[in-house]
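>>> Turn this into a model:
(chains A and B)
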Protein chains: 2
Amino acid sequence: MNARAIVLFFAVTLAAQTPAPPNIAGFRPESARMQAGLEARFDQSVNRGNFQQWLKRLSAKPHHVGSPGSREVAEYIAAQFRDWGYETKIETYYPLFPTPKSRLLEMVAPQRFTARIEEPGVEGDETSGIKQDNLPVYHAYSTDGDVTGDLVYVNYGLPDDYRKLREMGIGVQGKIVLARYGASWRGIKPKVAAENGAIGCLIYSDPRDDGFFQGDVYPKGAWRPPHGAQRGSVMDMPVFPGDPLTPGLAATDPNRPPDPKQASTVTKIPVMPISYADAEPLLRALAGPVAPTDWRGALPLTYHVGPGPARVHLKLAFEWKLAPAYNVIARLTGSEKPDQWVLRGNHHDGWNFGAADPVSGMISVMEEARVVAELAKAGSRPKRTLIYMAWDGEEPALLGSTEWAEHHADELRKHAVAYVNTDGTSRGFVAAGGASVLELFASQTARDLTDPQTKASVLDRYIARRKVSRQEPEFQLPPLGSGSDYTVFQHHLGIPSINFSFGGEGGGGGVYHSNYDSYDYYVKFADADFQYVAATTKLGARMTLRLANADWIPFRFDATAKAVRVWTAEVIKLADDAREETRKKNEPISSGALKLSADPRKAYVMPEPEAEVPFLNLSPLRNASARLDKAVAALAKVDPAKLDAARLEALDAALRVAERKLTHAEGLPRRPWFKHVLHAPGFYTGYGVKTLPGVREAIEQRSWREAEEQAVHAARAIEAYADWIASAAAAAGN
Amino acid sequence: MNARAIVLFFAVTLAAQTPAPPNIAGFRPESARMQAGLEARFDQSVNRGNFQQWLKRLSAKPHHVGSPGSREVAEYIAAQFRDWGYETKIETYYPLFPTPKSRLLEMVAPQRFTARIEEPGVEGDETSGIKQDNLPVYHAYSTDGDVTGDLVYVNYGLPDDYRKLREMGIGVQGKIVLARYGASWRGIKPKVAAENGAIGCLIYSDPRDDGFFQGDVYPKGAWRPPHGAQRGSVMDMPVFPGDPLTPGLAATDPNRPPDPKQASTVTKIPVMPISYADAEPLLRALAGPVAPTDWRGALPLTYHVGPGPARVHLKLAFEWKLAPAYNVIARLTGSEKPDQWVLRGNHHDGWNFGAADPVSGMISVMEEARVVAELAKAGSRPKRTLIYMAWDGEEPALLGSTEWAEHHADELRKHAVAYVNTDGTSRGFVAAGGASVLELFASQTARDLTDPQTKASVLDRYIARRKVSRQEPEFQLPPLGSGSDYTVFQHHLGIPSINFSFGGEGGGGGVYHSNYDSYDYYVKFADADFQYVAATTKLGARMTLRLANADWIPFRFDATAKAVRVWTAEVIKLADDAREETRKKNEPISSGALKLSADPRKAYVMPEPEAEVPFLNLSPLRNASARLDKAVAALAKVDPAKLDAARLEALDAALRVAERKLTHAEGLPRRPWFKHVLHAPGFYTGYGVKTLPGVREAIEQRSWREAEEQAVHAARAIEAYADWIASAAAAAGN
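As a prediction, this is how the structure comes out:
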């Protein structure tokens, strides 16, 4: 062996003995090595037996907000947290929450039929027959009403659907509309129906979308059975979530009058969900034009749009009261940085049994907290403070999380590092959304977790799927819309949030928000051996523990700068496309081609040409984006690992709260509660996110002046954010 | 009035008095003016009363080839033609034609069910109950067979469907397949099933494709009722149409042995069409994986692919005999150029009543011929010879037209100018396909006919529709595939052919090839007042009379040159795309991404990587295309209007037969009957056309060497064609 070989030999041997420390954002090499060890110990301590026991227990009876079941669940979870060593309390709020007093849906012409609107028990599902405290099929925050009218089928009930109906010569003024679930959050449907003059709204689950067309129905398969129906909120949450009587403030007073008339987010017209068994006779009784091809579902009939001769009577009365929402808040004070809070939440209330939604996620958080506490007792206490939250009242309107965060807004703005959310989870692939600054962070947690089925990393499996579907084979953290408890943190307070789950191989959405979302369903179809509940626990732990133990906060501002660049280009293109689309749409109207190509024997109302789209001044966004690019470039020159303690602390303190700068005190037009300028749930999509929402939605609604104003608003916030980062970088660089 | 004004006044006055002659290809201005006058007189003479009377009479009873009804129809039509003054004869051929002796389809497991395979009479449809001579639901040229096997649902039954099944781990060796109608000509399905090892094949009409999903079913609406089924031929016609015992030769001998074993185009496995009422219990009894989303139809069940537990027994026996096919051939000898033949045809046989298919087209031809004869008697005898043909046996295999044209091949190659075909027609838009040389000609006939509903021109309405659907707003004459009697003329003999119809607003395809294609259906849904049968008559007359009276043949070779350029570019791109597709498909296989993204709990057979695609030498096509461009450019310099009579006659004689040069004596690989190098029905699409078929299909089948060989073959024909045109141009120019 020559000298060179000897050196090589030792180098190789050394490398084999002490592997290179993992690359984890926010960690020095030595800390990263310790963190990896901690995570390995965490994984070994996860006990799948707990999942089975807790899932069964927490989904044993109905436990929606305000029910005895919800209180029992909250108290059980709180007791566990206390047991494990957390400072635990139940923080209770009193939002308005309606439950049905009476529900009637009947067809009065051309023949009589009374809808069953009830989900029968099924064999092999133990809880499906439980009637005690069972919330029947209904929509929370529908207004009371007693209406009779001709029925019109409106497809998914979105603005374009009504536009199409108008072209067929059909309006819905004074009519009751029948919409199918899908393509938007459900609450959009009654809102748009009312905007179009309808007096009532029914929403049914077409078997095309989540019934027999997709697969065998429950209990044989995972899909929605004929009488299954989807409960849910129809509150106008894109305006604001939480207690409809106290927007922006906490509902702490149990003695306020529970008056729905004071609640602007209650629907304008009565609305109720129905099953496809109940919808079929109504659809069969419709005449009028045949529905456009992509409006047709899987029921064995010709879909006509009406109006009538089907005429229906819908009568709904609700008990409006303030319900106690029990949030379990469990704290483990950080060993080094107690004033920096890492937030981790999942809701505990369900539409009745809610085994998948939310219990599968809730139990993954419980196991995470249990093991974290166990490791803390064994000497590995997290450096920052961890706060675990089990929210109540998520289902009706994100009640628990919204009221709590509104209550603690000032502290949160000051102390919160990030909020990590889960909800239901099941077998399959990781899916995540969140603030851009967390993209690399999230990618690394997925990189460092083994997929239980394939033994590849969770990230590799995610990438493999994107490769096969020919998407960019990169980890992506799309921005959050709404649909779970991160909403108030991300959009109202400007706290970087992340939401994740596993799924895609655990049955479909066929029992979502129904009585059949049960323990028996879950273990048969969703995650039989709790492998993915365990994966959720482990991925959640990587996120909370890395956020808690990092040497500096692992935010990557270049991702946000890139996102701003991309979204700015998108809204500019959106305006340009609108201009071109308008031209293309108007051309065959003004040339007469549209009229000439229409069947003269069919009713057809020619659309009016639309006003031309002006060229918009969106340059403030471009300038702001350029300023942010510059700030981020300056920051890239600062290596936190080389800063002295004081400078690092100063840099970290500044960057930790930078996201707050992206909120605007005035909020978005007509919905001031939503304060983030980069993203919000869509006004007409509900769950679906809109980026640069003030600008984008103004363009979509053809409000050109507002689009320019909003570009200025957004640009100011982005510039404040850029300047904040630039100052922090400059201070660290000196 | 000053001098300038006076001049203008006279100019305007003169223009008002004698309008500018219409621009009609092939006509000198004065001839065009006369032709326009002739067409105006033609239109005035069309008598819609005839349509009602003839439609009723010709669809009163079953009249398929070999039936007493067919003979009566042929004799009636012949008598009419004679009456109008045509030299008329019935030319009879004796092709092999099977009819069912016995048909049995039963499910033997997991429960028993016997298919009804019969179409009941329906109220309001007078003929639907007629049993006499009624051809039951069957597929002509299915082989005899008695098979029992597990059932597999194969979607449309095309090669890609079997590829998908293989990935699901499912083969069809020894199985009976259930395919649905659509996406290809029906005869492709049993062919591909047999290639994959299936022992039997059922083809049903899914209500998604032409039943209740599309609209109300007959008799309430125009769509296929539950027990309606689609008869039809399954002969392997992409190999050759016509009598299966005499490819390329006429079946003149009634005494040959009718032996199906000598017929290579009879199916390899038994096959039968069924209704969706008969298919539903079979589909419901299938287990195995759920069918891919786009395989699922509109029946109210979860579509599984099997195999089994549904097990079926299919027993079919046919009477194989030579049936007399009666072609009515009626001639009006041309006044100036009797040796130039303009051919005009439509078939007269139907699957039973066949009111739409073919009688609606047949009666439009009859009225055309009647008025043409009337005008001839009044002094406007066509200059060229007109031959009207009413074909028998189109439905089973284009029997009548193929045998007749094979019989008269030599005369036709010498005398034929063009063949104009129609088949069924109904309310709506013009649709046409044909040889590129006829594109401008066809466009001008549509330009010069008024649409009966909108009073715009037929061309303007066609253009309006393309504008609205954002296609190129130009008249297009796509090349012909197969599906009607033009096949032998265009593809076997190289006679420029055109096929047209009206449609798109006359009900759907819901009674196609069923007992419900009846008089009552037609007048209720297809063309209540025969406005579009009349439009078909008028458009047909414009075509035949312009071809007959033109000063020179109105072929435009620049259109063919353009088509050759486009198709050459297409096949080059096809090979390049195949290379890139192969790379993209192989990448996730070899990287393991495909395996990693698959659900490990579902059966999944990883596809093998495909061999890489070499770079092909397709330059012969490019060179040939360039040579054709040059020849056409030379021809463009010749103005026929300025030639003396002898030169014009020489030029015209050459160009009239130029299309023959595009045929190749050897024909296409494995199907020598198809001789045209520019287009053919697809080997795996049947009706659908393939351009440069030898090259294109070789690339599709990944036969790289054959693709290069076929490029040489096609290039030689194109060059011969180019040289022929160049010589003609040169001779005219000297």
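>>> So residue A:723 is in contact with residue A:631, correct?
Yes - at 7.1 Å, residue A:723 counts as touching residue A:631 under the criterion of CB atoms under 8 Å. Placement of C-beta: from N, CA and C, glycine included.
>>> Counting neighbours, go ahead and name the busier of these two.
residue A:631 (24 against 14; other CB atoms under 10 Å in any protein chain shown).
>>> Can you classify that one by secondary structure?
helix (DSSP: H, G, I helix; E, B strand; the rest coil).
>>> Name the nearest residue to residue A:105, sequence neighbours excluded.
With sequence-adjacent residues excluded and distances taken as CB to CB, 6 or more residues apart in numbering or on different chains, residue A:105 is closest to residue A:115, at 4.0 Å.
>>> In contact with the residue in the stretch 51-200 of chain A that chain B sits nearest to, which residues?
Closest approach between the stretch 51-200 of chain A and chain B, counting by CB to the nearest CB: residue A:167, at 12.3 Å. Counting by CB atoms under 8 Å, 6 or more residues apart in numbering or on different chains, residue A:167 makes contact with A:604, A:605, A:606, A:607.
>>> And residue A:451, by the same measure?
Residue A:451 neighbours (CB under 8 Å, 6+ apart): A:457, A:458, A:460, A:461, A:535.
>>> thinking again about what came up before, just give the number of residues close to the residue nearest to residue A:105.
Using other CB under 10 Å, residue A:115 is surrounded by 24 other residues.
>>> so where is chain A shaky, pLDDT-wise?
Counting by pLDDT under 70, the ranges of chain A that qualify are A:1-18, A:734.
>>> neighbours of the residue in the stretch 301-450 of chain A positioned nearest to chain B, just the number please.
Closest to chain B within the stretch 301-450 of chain A is residue A:302: 4.9 Å, counting by CB to the nearest CB. Neighbour count for residue A:302, taken as other CB under 10 Å: 23.
>>> so what's the backbone phi/psi at the nearest residue to residue A:339 once chain neighbours are set aside?
Ranked by CB to CB, 6+ apart and with sequence neighbours excluded, the top spatial neighbour of residue A:339 is residue A:415, at 5.6 Å. Per-residue torsions, residue A:415: phi -100, psi -20 (degrees, to the nearest 10).
>>> Go ahead and confirm residue A:415 touches residue A:343.
No - contact criterion CB under 8 Å: residue A:415 and residue A:343 do not qualify, at 9.4 Å.
>>> More neighbours: which of these two?
residue A:343 (26 against 21).
>>> Quickly list what that one is bridged to.
residue A:387, residue A:419 (DSSP bridges).
>>> quick one: it from residue A:385, how far?
9 Å (CB to CB, to the nearest Å).
>>> Then residue A:308?
On the measure of CB to CB, residue A:308 and residue A:385 end up 62 Å apart.
>>> Which one's more surrounded, these two?
residue A:385 (21 against 17).
>>> distance of that one from residue B:417?
93 Å.
>>> What does residue A:376 show for phi and psi?
The phi/psi pair for residue A:376 (degrees, to the nearest 10) is phi -60, psi -40.
>>> Wait, it touches residue A:85, no?
Yes - counting by CB under 8 Å, residue A:376 touches residue A:85, with 7.1 Å between them.
>>> residues in contact with the nearest residue to residue A:279 once chain neighbours are set aside?
In space, and not counting its chain neighbours, residue A:279 is closest to residue A:204: 3.7 Å by CB to CB, 6+ apart. Residue A:204 makes contact with A:178, A:179, A:180, A:181, A:229, A:273, A:274, A:275, A:276, A:278, A:279, according to CB under 8 Å, 6+ apart.
>>> Could you list everything residue A:204 pairs with in the sheet?
Beta-bridge partners, per DSSP bridges, of residue A:204: residue A:180, residue A:274.
>>> show me the contacts for the residue most central in space within chain A.
Nearest residue to the geometric centre of chain A (CA atoms, centre = their mean): residue A:483, 3.0 Å. By CB under 8 Å, 6+ apart, the contact set of residue A:483 is A:185, A:423, A:681, A:686, A:687.
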